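Peer 1: Okay, sequence plus prediction incoming.
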Amino acid sequence: MNKLSIICNSNNPDLAMYFSNKVKAFNSNVYFLGNKQLSKQLHIDCSSVSKVSGLTIWFIADCFLALLCILKLLIRKIDVVIFDTAHISNIPLAILCKLFRVKLIFTVHDWNPHEGTQEKNVRLYNKFVDRFLADEYITFSKVKSRLKVHQLQLSGFTKKSVSQPQGYYLFFGRIEPYKGLKHLIKIAKSMHEQGLSEKIIIAGKGTDSAIKELSNLPNVVMMNHFIADDELEKLVQGAIATLLPYDSATQSGVILHSYSYSKPVVAFDVGALHEYIKDGINGMLVEHGNIYDFIEKLKIIRNDYNNFEINVSKEFKHYDKPALEKQYRELLQNLKIL
């Protein structure tokens, strides 16, 4: 049997949640390491002290920490290391693992990086990993690679209480250019012209050229700041549906957050979103850029909300904690860990 270590250096809340669920499920079979915050929370060894994934002074500290980590891996006779998230501090430890012939599996959430401030960094990281370090990959959507790919499905969410909608549609999450706020301008204006009473709430921190115009529309509520968990919970519970007018995408944690509250989604059919949205069942898919059809789909969900809510609730079994545990148990068996 092989011995496995799974390492998470990311501070992203969703990625930390996925990792925490794996620690709780497989701690007796896998050697887990995490960033400083996760190591304290989960009582595991520390692999990074960096608060962000970038070239900071903390990255130098992580390079030295990698020496301690490789020693721990070798003492435990680890055969396989899974880097659970993309992070620059994976690199020094991965290089050391490569020198000692430890198999490296990299988890890649954004195979094709999104437009935005981190696009160049993510693209450079992906290329370096692919050329010099990776033996295999874990992805959450279909990709083409010369290496072996273990395709899984995003999961690990907890089902939340259901509540009736309060007359608005919701866009939430960090605001980035690729998320298509410019389309919401046209959608909101057309809704207003048609006399639709529902509002659109936009909740999330970030910058976009569309924010100013959206803020001045009568049927848009702009909440351009960090949204705390309790505030987000109330917003999602009151929504008719979550909107994803994205220009590009791989998969999206926003979809699963919505599903956890039994809320359907309406999205442009881009990237791998169709792998997570069953059109007409737990949401609606729209041809990219088709504003008229997007609004028609909003009406369909509003008018048949109860059925969509029931369907989303039924489908949620594919995205909950047992689903995550099942997938990773099968992965560990495939890697001859269990």
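Peer 2: Yes, it's here.
Peer 1: Please point out which parts of stretch 5-13 sit buried.
Peer 2: 5-12 (16 or more other CB atoms under 10 Å). For every residue, glycine as well, the C-beta is placed using N, CA and C.
Peer 1: typo on my end, stretch 292-304
Peer 2: 294-295, 297-298, 300-302.
Peer 1: Any chance of TSV for these, columns secondary structure, pLDDT and distance to K189?
Peer 2: Formatted as TSV, these follow (DSSP: H, G, I helix; E, B strand; the rest coil; pLDDT from 0 to 100; distance: CB to CB, whole Å):
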residue	secondary structure	pLDDT	distance to K189
F294	helix	98	12
I295	helix	97	10
K297	helix	98	17
L298	helix	97	14
I300	helix	97	20
I301	helix	97	20
R302	helix	97	18
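Peer 1: Give me the nearest residue to the one residue sitting closest to the centre of the chain, chain neighbours excluded.
Peer 2: Centroid-nearest residue in the chain: G253, 3.9 Å away (criterion: CA atoms, centre = their mean). The shortest distance from G253 to any non-neighbouring residue, by CB to CB, 6 or more residues apart in numbering, is to D14 (4.5 Å).
Peer 1: Same check on N35?
Peer 2: S48 (4.4 Å).
Peer 1: can you pull the contacts of that neighbour?
Peer 2: Contacts for S48 (CB atoms under 8 Å, 6 or more residues apart in numbering) come out as 9, 34-36, 62, 65, 87, 89.
Peer 1: Quick one: end-to-end length of stretch 161-170, please.
Peer 2: When the termini of stretch 161-170 are compared using CA to CA, to the nearest Å, they are 18 Å apart.
Peer 1: Show me the strands in this structure, by range?
Peer 2: Counting by DSSP state E, the chain has strands at residues 4-8, 30-35, 45-48, 80-83, 103-108, 136-139, 148-151, 168-172, 199-203, 220-223, 239-244, 265-268, 283-286.
Peer 1: the inter-axis angle of the first one versus strand 103-108?
Peer 2: What separates the directions of strand 4-8 and strand 103-108 is an angle of 30 degrees, with axes from the mean of the first three to the mean of the last three CA atoms, to 10 degrees.
Peer 1: Relative to K160, which of the strands of the chain is closest?
Peer 2: Nearest to K160 among the strands of the chain is strand 239-244; the distance by CB to CB comes to 12.5 Å.
Peer 1: Relative to V122, how far out is Y137?
Peer 2: Distance of Y137 to V122, given as CB to CB, to the nearest Å: 15 Å.
Peer 1: Ok, H257 next?
Peer 2: From H257 over to V122 the distance is 22 Å, taken as CB to CB.
Peer 1: got the contact list for I105?
Peer 2: 80-83, 134-138, 150, 335.
Peer 1: Now list the buried members of those.
Peer 2: 80-83, 134, 136-138, 150, 335.
Peer 1: Just put those in JSON lines and tack on pLDDT and distance to T158.
Peer 2: As requested, those are exported to JSON lines (pLDDT from 0 to 100; distance: CB to CB, whole Å):
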{"residue": "V80", "pLDDT": "97", "distance to T158": "29"}
{"residue": "V81", "pLDDT": "98", "distance to T158": "28"}
{"residue": "I82", "pLDDT": "98", "distance to T158": "23"}
{"residue": "F83", "pLDDT": "98", "distance to T158": "25"}
{"residue": "A134", "pLDDT": "97", "distance to T158": "31"}
{"residue": "E136", "pLDDT": "97", "distance to T158": "29"}
{"residue": "Y137", "pLDDT": "97", "distance to T158": "27"}
{"residue": "I138", "pLDDT": "97", "distance to T158": "22"}
{"residue": "H150", "pLDDT": "96", "distance to T158": "24"}
{"residue": "L335", "pLDDT": "93", "distance to T158": "27"}
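Peer 1: Nearest to N112 among these?
Peer 2: For the buried ones among the contacts of I105, the minimum distance to N112 (CB to CB) is 13.5 Å, reached by Y137.
Peer 1: Spit out the contact partners of the closest one.
Peer 2: Counting by CB under 8 Å, 6+ apart, Y137 makes contact with 105-108, 143, 145, 147-150.
Peer 1: Among the strands of the chain, which comes closest to L55?
Peer 2: Checking the strands of the chain against L55 by CB to CB gives strand 45-48 as the closest, at 13.7 Å.
Peer 1: Parallel or antiparallel, which strands does the closest one pair with?
Peer 2: Here strand 45-48 is paired, per DSSP bridges, with strand 30-35 (parallel).
Peer 1: Give the rounded mean pLDDT of the strand it pairs with.
Peer 2: In this model, strand 30-35 has an average pLDDT of 97.
Peer 1: Enumerate the positions of it that are buried.
Peer 2: Going by neighbour count (16+ other CB under 10 Å), the buried part of strand 30-35 is 30-35.
Peer 1: and the gap between E176 and A16?
Peer 2: Distance, E176 to A16, using CB to CB: 20 Å.
Peer 1: got TSV for the contacts of Y137, with distance to S163 too?
Peer 2: Formatted as TSV, the contacts of Y137 follow (distance: CB to CB, whole Å):
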residue	distance to S163
I105	40
F106	39
T107	34
V108	35
V143	37
S145	42
L147	45
K148	44
V149	39
H150	37
